[in-house]
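1. Give me coordinates for this.
(one chain, ligands or ions: 1)
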Amino acid sequence: MSNNTNSTVIVSAVASVAASAMLIRSVTNDLLPSEVSDYFSSKLYSLRRHLSSQFTIAIEEDQGMMWNQVYDAAEVYLSTKASLARHRVRASKSENDKSVAFGIDKDEEIFDDFEGVKVTWSFVRVFEPVTNRHDYSNGGNGSSKKVVKSYELSFHKKHKEKIFNSYLPFVLERAKAIKEANMALNLYTVDNENEWIPGVPFSHPMSFKTLAIDADLKKEIIEDLDKFVKGKEFYSRTGKAWKRGYLLYGPPGTGKTSLIAAMANYLNYDIYDLDLTAVDTNRELKNLVLNMSNRSILVMEDIDCTIKLQNREEEDDDDDKEKDNTERDKKNSKVTLSGLLNAIDGLWSCCGEERIIVFTTNHKEKLDPALLRPGRMDMHIHLSYCTFSAFQQLAFNYLGVSDHCHFHEIEELLGEVQVTPAEIAGELQNKNNAEDCLPDLVNFLHNKKMVEGK
Ligand SMILES: Nc1ncnc2c1ncn2[C@@H]1O[C@H](COP(=O)(O)OP(=O)(O)OP(=O)(O)O)[C@@H](O)[C@H]1O
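-> Numbering: from 1, shown residues only. Now for the predicted structure:
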């Protein structure tokens, strides 16, 4: 027999074993108990592998007592490919997931293409005996079965290096990104013991689409956040800690809290909401910062009210001021300015990565300049009274209109009176159509103008 004929025979033998495997597998699945059919399936897989030019990596669920991270990554990665399965998929969702995740089921195969290399994934489940002399579940003979689950990744032998060095790292990387995107956000607060209370789901609906601020400012903020999240290489090259501080300042009701929610939803970062008056000492503050997870936003709202953070030179002012300070200090926490500065950029504050710190204040001028310098508060964002462009966004959010005959008058009035987006939002939600709502808003603005004496 020629070489050619030999190889044809082998190829057809492999093909016919594969076809028989499929047939037997489907028959055994229908007729036999799952343990027995799993046994036959695994034997057929081995035979097929033995005869082919394929190389297979088995990725088992656990390695001894430890969870196998590659298995975990394969599960997550394949969840995005499960729709390619032909007959069956598994579906699951935990409380911490945003959406349902799908997975391939046993005996299903999924094909993937990585830079021109074809790979096949399959899910294998077999029952293996466990010997345990204290186990009486099987008639007291001390042996029971445990399920061993694994993913198998098969490809042509010649691509071994590429799969090991590029494809598997790619799957791990992708899985990490998919997981982060699917994770529901958490909101953490501090309890009486000065510890973070495990997060409740954070479900603030605000996004950059609905946030009503000046369009250029919005663009600038989004670009800054994008640069930050993509900055891993930059931060390590320049030796800077991968963190960024934002100071949001402006009158009440201009959208500082709304902007924080939009940032968290945009980045998919958890929020750690820190009320400094609830923290007893600088040491506790340090522990809290150390115990935050990566990819998170530490928020300290109304920072000027919660701690005595005025310019240090002003602290020894006249008697009256001192009296005021004493009153205020009773309410204030024992966290000091230097404790807070350390929390933001002390050595140990650099332990994590992808950390954002946000301070909000209605009175930027009351804050110590040390707190505001770049490296601590890298971007100062002024949220001001409602501009016409912010109003257009609110009108679209609440009434679904982008233009209206009253818009021109409203634009002029917004140039003359100081009104917050919160006040405008309050007016727009009173009625749900533009015809009824906008004339009322015009009256509201005229009244405000009169009160302001303009
Ligand atoms: N810029 C905005 N875009 C969209 N909605 C806004 C905006 N500003 C305020 N609002 C509306 O007003 C409400 C109050 O706003 P928000 O709490 O964000 O303001 P704030 O500046 O944080 O106020 P405070 O200083 O009192 O904490 C929000 O729930 C939202 O409905």
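
2. and the nearest residue to Tyr235 once chain neighbours are set aside, what pLDDT?
-> Once flanking residues are discounted, Tyr235 sits nearest to Trp242: 4.1 Å by CB to CB, 6 or more residues apart in numbering. For glycine as for every other residue, the C-beta is placed from the backbone atoms N, C-alpha and C. With respect to pLDDT, Trp242 scores 88.

3. next one: His406
-> 93.

4. correct me, but it touches Val442?
-> Yes: between His406 and Val442 there is a contact at 5.8 Å, judged by CB atoms under 8 Å.

5. ok so, going back, correct me if wrong: the residue nearest to Tyr235 contacts Lys230.
-> No: in terms of CB under 8 Å, Trp242 does not count as a neighbour of Lys230; the distance is 11.0 Å.

6. more crowded one of those two?
-> Taking other CB atoms under 10 Å, Trp242 and Lys230 do not tie; Trp242 has more neighbours (17 against 9).

7. how close does Ile344 get to the ligand?
-> 21 Å (CB to the nearest ligand atom, to the nearest Å).

8. and if you look at Arg174?
-> Arg174 is 34 Å from the ligand, by CB to the nearest ligand atom.

9. With Leu274 instead?
-> 15 Å.

10. Kindly report the same for His159.
-> Distance from His159 to the ligand, by CB to the nearest ligand atom: 52 Å.

11. Also Arg295?
-> Taken as CB to the nearest ligand atom, the span from Arg295 to the ligand is 23 Å.

12. Could you do Pro252 as well?
-> Following CB to the nearest ligand atom, the distance that separates Pro252 from the ligand is 3 Å.

13. residues touching that residue, list them.
-> Applying CB atoms under 8 Å, 6 or more residues apart in numbering to Pro252 gives the contacts 362, 420, 422.

14. Just put those residues in JSON lines and tack on distance to the ligand.
-> Converted to JSON lines, the contacts of Pro252 look like this (distance: CB to the nearest ligand atom, whole Å):
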{"residue": "Asn362", "distance to the ligand": "6"}
{"residue": "Thr420", "distance to the ligand": "7"}
{"residue": "Ala422", "distance to the ligand": "3"}
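
15. higher neighbour count, His406 and Val442?
-> His406 (18 against 15).

16. buried stuff in stretch 205-213?
-> Within stretch 205-213, the residues that count as buried by 16 or more other CB atoms under 10 Å are 206, 208, 211-213.

17. For the ligand, tell me which of the residues you listed show up nearby.
-> Among the buried residues of stretch 205-213, the residues within reach of the ligand (CB under 6 Å from any ligand atom) are 211-213.

18. Which of the residues you listed sits closest to the ligand?
-> Lowest distance from the ligand to these (CB to the nearest ligand atom) belongs to Ala212, with 3.4 Å.

19. Okay, and the closest one sits in which element?
-> Secondary structure assignment for Ala212, by DSSP states H and E: no helix or strand.

20. Make residue 1 into 3 and carry on from there
-> That works, and once the first residue is 3, the last one we named lands at Ala214.

21. can you pull the contacts of it?
-> 257, 388, 392-393, 395-396, 399, 423, 426-427 are the contacts of Ala214 under CB under 8 Å, 6+ apart.

22. Where does the protein get nearest to the ligand, residue-wise?
-> Gly257 (2.7 Å).

23. where do the contact lists of His408 and Val444 overlap?
-> By CB under 8 Å, 6+ apart, no residue touches both His408 and Val444.

24. mind checking the backbone torsions on the nearest residue to Ala84 once chain neighbours are set aside?
-> Nearest non-adjacent residue to Ala84, counting by CB to CB, 6+ apart: Phe104, 3.7 Å away. Backbone geometry at Phe104, expressed as degrees, to the nearest 10, gives phi -110, psi 150.

25. Which residues are in contact with Phe104?
-> By CB under 8 Å, 6+ apart, the residues touching Phe104 are 81, 84-85, 91-93.

26. Just the buried ones out of the residues you listed, please.
-> Of the contacts of Phe104, these count as buried by 16+ other CB under 10 Å: 81, 84, 91-92.

27. Make JSON lines out of these and add pLDDT.
-> JSON lines is the format used below for the buried ones among the contacts of Phe104 (pLDDT from 0 to 100):
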{"residue": "Ser81", "pLDDT": "83"}
{"residue": "Ala84", "pLDDT": "73"}
{"residue": "Val91", "pLDDT": "72"}
{"residue": "Arg92", "pLDDT": "75"}
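
28. Looking at those, which are in helices?
-> Judged by DSSP state H, those include Ser81 as members of helices.

29. Show me the two of the contacts of Phe104 that sit farthest apart.
-> Ser85 and Arg92 (12.5 Å; CB to CB).

30. thinking again about what came up before, out of the contacts of Phe104, which comes closest to Tyr190?
-> Ser81 (27.0 Å).

31. wouldn't the closest one be in contact with Lys95 here?
-> No: using CB under 8 Å, Ser81 is not in contact with Lys95; the gap is 10.8 Å.

32. Report the set of residues contacting both of the two.
-> Ala103.

33. buried residues in stretch 339-356?
-> In stretch 339-356, counting by 16+ other CB under 10 Å, buried: 339, 341-346, 351, 354, 356.

34. and which of those is nearest to His158?
-> For those, the nearest to His158 is Glu356 (38.2 Å; CB to CB).

35. For that closest one, which non-adjacent residue is closest in space?
-> Closest to Glu356 by CB to CB, 6+ apart is Arg297, at 4.6 Å.

36. Residue ranges in this structure under the pLDDT threshold?
-> Along the chain, segments meeting pLDDT under 70 span 3-44, 46-53, 65-68, 85-88, 96-101, 132-145, 309-335, 349-352, 456.

37. And the helices in the stretch 253-402 of the chain?
-> Along the stretch 253-402 of the chain, counting by DSSP state H, counting those that start in this stretch, helices occupy 258-269, 284-292, 305-308, 321-333, 339-347, 371-374, 390-401.
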